[in-house]
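[1] Have a look at this prediction, sequence included:
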Amino acid sequence: MRSFEYAKPSSVKSVLSLLGRSFEQAKVLAGGVDLLGEMKEGIISPKRVVNLKGVKDLYRLDFSEKDGLTLGALVTLTQIESHPTIIARYRALAEGAHSVATPQIRNMSTIGGNLCQRPRCWYYRHHDINCLKKGGRLCFAYNGENKYHAILGGGPCYIVHPSDCAPPLIAFDSSVTLASPRGERSLSLEDFFVLPSQRMDHETVLEPDEIVTFIKVPAPPKGTGSAYVKIREKQSFDFALVGCAAVVRMEGGVCRQARIVLAGVAPIPWRSREAEEVLEGKAITEEIAEKAGQAAVAKAEPLAQNAYKIPMTVAAVKRAILRAAGQT
């Protein structure tokens, strides 16, 4: 690890004054779980590290029926998974946070960092491999070891986004607030993430002098249920092979609205409008949930080693829908 300047400001304004016009100039530190790993592995070498922990505003966590749930960027995953209101009203989010890594890591990990973490692709993470993500000419996964890579939305890079909290938050129609020296902007969390075909150097719309400050989640309407299903190789400290966040609003035994967002299968949290269309206006049964799962992977394009993700995704979607609708 190369030497770097360290700063611990106490306000968002001070943080922004310490950032630069390139990602190489400065990086922000929240929980540090991903950032410090990249630095130790020699993937990045920022000239300055700006610690956010002194910014009290970013620890905000509150709920009201009018404004919904507000999460500051420094709220930890432990706080999210154990918060009574989140468990009761946003079950999929609590389950997503709970599924991340280990209790020790969840104590450190922040919601802002979870959304902004970089890919876990082994080619990207190898300091000697200059892949597309790092300015190279090839995605080595395409013809290489690709058992964990994308089956949807891939190309020319085939990473999968590692966040377990982003799919539930998108399914709840969340928005994210970003701050920069130019002011604040808010956008749908779904639009926060970008495909490699749109932007190669990062997975979000964040600019080098911009940070995530808050995530806002609307209060779920009456009759809303949710669930997050994660399938992984081992039950502890593992990323999703596939995952599914389902949020459904039921009325009179019929699904009036559904949002289905997949994890572990695409370079961004992948919203499946095809699955949603199968559900809306129908009673939720095992057969309908199965059809929704099939619709979610209808456009899948697996690589040589990851076709197993197709039936696995169908199963995850089906389970998440049935649980969200109170069928299991």
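    Yep, it's here.

[2] which stretches of the stretch 1-150 of the chain form helices?
    Ranges of helices within the stretch 1-150 of the chain are 12-18, 35-40, 77-82, 84-89, 91-98, 103-108, 111-116, 122-125, based on DSSP state H, counting those that start in this stretch.

[3] can you redo those helices as TSV with distance to residue 277, mean pLDDT and mean neighbour count?
    C-beta coordinates here come from the backbone N, C-alpha and C atoms, glycine included. Shown next, in TSV, are the helices of the stretch 1-150 of the chain (distance: least, C-beta to C-beta, whole Å; pLDDT from 0 to 100; neighbours: other C-beta atoms under 10 Å):
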stretch	distance to residue 277	mean pLDDT	mean neighbour count
helix 12-18	40	98	16
helix 35-40	39	95	16
helix 77-82	30	98	21
helix 84-89	26	98	15
helix 91-98	20	98	25
helix 103-108	35	97	14
helix 111-116	27	98	25
helix 122-125	34	97	19
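
[4] How many residues are close by residue 233?
    9 (other C-beta atoms under 10 Å).

[5] Mind listing residues that contact the host helix or strand of residue 289?
    Using DSSP states H and E, the element containing residue 289 is helix 286-296. With contacts defined as C-beta atoms under 8 Å, 6 or more residues apart in numbering, helix 286-296 is touched by 244, 260, 262, 272, 274-279, 282, 313-318, 321-322, 325, 327.

[6] Next SSE downstream of that helix?
    Beyond helix 286-296 toward the C-terminal end (DSSP H and E), the next one is helix 309-324.

[7] how big is the angle separating that next one from helix 286-296?
    Interaxial angle of helix 309-324 relative to helix 286-296 (axes from the mean of the first three to the mean of the last three C-alpha atoms, to 10 degrees): 140 degrees.

[8] Now helix 309-324: buried residues?
    Within helix 309-324, the residues scored as buried using 16 or more other C-beta atoms under 10 Å are 309-310, 312-314, 316-324.

[9] Just name the closest of these to residue 67, please.
    residue 324 (23.6 Å; C-beta to C-beta).

[10] so what's the closest one up against?
    Neighbours of residue 324 in contact, by C-beta under 8 Å, 6+ apart: 92, 225-227, 246-248.

[11] need those in TSV with secondary structure and distance to residue 209, can you?
    Shown next, in TSV, are the contacts of residue 324 (DSSP: H, G, I helix; E, B strand; the rest coil; distance: C-beta to C-beta, whole Å):
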residue	secondary structure	distance to residue 209
92	helix	33
225	strand	40
226	strand	35
227	strand	38
246	strand	36
247	strand	34
248	strand	39
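
[12] For the residues you listed, which entry has the maximal number of neighbours?
    residue 246 (34 neighbours).

[13] ok, which stretches of the stretch 151-300 of the chain are helices?
    Using DSSP H, counting those that start in this stretch, helices in the stretch 151-300 of the chain cover 166-171, 189-192, 273-279, 286-296.

[14] Okay then, goodbye and thanks.
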